[in-house]
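**Student:** Compute the structure for the input listed below.
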Amino acid sequence: MSFLQALVPLLSSGLTAFAAYKFFASPTLFSWHPVLMIGAFAGLTTYAVQQFKQPGKTFQERKANHSWFMYMSAVASFAGGVIMYIVKEQNQKLHATTIHGFLGYSLLAAFGLMIAFGYLMFDLQLVKPTKTWRTLHRLSGITVLVLMGVELYLGFLTNAWLRSVSGTSWYMATAVLTSVITLPLVPIFMRMFGLDQA
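**Tutor:** From the prediction side, this is the model:
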């Protein structure tokens, strides 16, 4: 697992840097949108998921690290969403008229609710963290992570992305995104189905 743990942040950082390189070649306000969303969804969120597999740390330390990365992901993703809203307003275009746009806003809402609930349950302890609530939090997290991957794939099919990234670069970016989203899920599903005991 140590190799995979090192690989995911490396790949996600590379993908974020690649997006920055492509979109800041001719910088506009929109340039921040793909960089922030990739950094949040493919970077900070996947790294947050991995915190529970960090060796040499107590459960409380891993939980605190997980929360910190999730909060940072929320800040980055909401900033990316706000920028997209401003760009649409400036260009007098309608919002959420595509699957990518609709899923994006819906996902930000779900992500915000999930993080707020986690904060109420684990940090403020206003909700008793029963086994049922912890399971619900974990399953909603997995669902959101998968949807984040779908949302980024849809982003890779937009005109704005295809104008900047095409050919071999597009396939490589898509392959890296697939790895970044799926690798953190492998140990989770193995544990869920008892395959890590084999």
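**Student:** got a list of what the most centrally placed residue in the chain touches?
**Tutor:** In the chain, the centroid-proximal residue (C-alpha atoms, centre = their mean) is Phe41; its distance is 1.7 Å. Taking C-beta atoms under 8 Å, 6 or more residues apart in numbering as the contact definition, Phe41 lies against Ser73, Ser77, Met148, Gly149, Glu151, Leu152. In short, each C-beta sits where N, CA and C put it, glycine included.
**Student:** Please narrow those residues to those residing in helices.
**Tutor:** Ser73, Ser77, Met148, Gly149, Glu151, Leu152 (DSSP state H).
**Student:** From the residues you listed, pick the one nearest His137.
**Tutor:** Ser73 (15.4 Å; C-beta to C-beta).
**Student:** How confident was the prediction at the residue lying closest to that closest one once chain neighbours are set aside?
**Tutor:** Nearest non-adjacent residue to Ser73, counting by C-beta to C-beta, 6 or more residues apart in numbering: Leu44, 3.7 Å away. Per-residue pLDDT puts Leu44 at 94.
**Student:** same question, the one 5 residues further on
**Tutor:** Reading off the confidence values, Val49 has pLDDT 88.
**Student:** now swap in Ala198 and tell me
**Tutor:** pLDDT, Ala198: 50.
**Student:** List the buried residues in the host helix or strand of Leu15.
**Tutor:** Per DSSP states H and E: Leu15 is located in helix 2-23. By 16 or more other C-beta atoms under 10 Å, the buried positions in helix 2-23 come out as Gln5, Val8, Leu11, Ser12, Leu15, Thr16, Phe18, Ala19, Ala20, Lys22, Phe23.
**Student:** Now do the contacts for the fourth one.
**Tutor:** Spelled out, it's Ser12. Residues near Ser12 by C-beta under 8 Å, 6+ apart: Ile38, Gly39, Ala42, Gly43, Thr46, Tyr47, Val180.
**Student:** now, among those residues, which is nearest to Ser140?
**Tutor:** Of all the contacts of Ser12, Thr46 has the smallest distance to Ser140: 16.0 Å, by C-beta to C-beta.
**Student:** Can you name the two of the contacts of Ser12 that sit furthest apart?
**Tutor:** Ile38 and Tyr47 (12.9 Å).
**Student:** Tell me, what's the model's pLDDT at the closest residue in space to Tyr119 that isn't next to it in sequence?
**Tutor:** The shortest distance from Tyr119 to any non-neighbouring residue, by C-beta to C-beta, 6+ apart, is to Ser67 (7.6 Å). On pLDDT, Ser67 comes in at 92.
**Student:** any idea which element Ser67 lies in?
**Tutor:** Following DSSP H and E, the helix or strand that holds Ser67 is helix 59-90.
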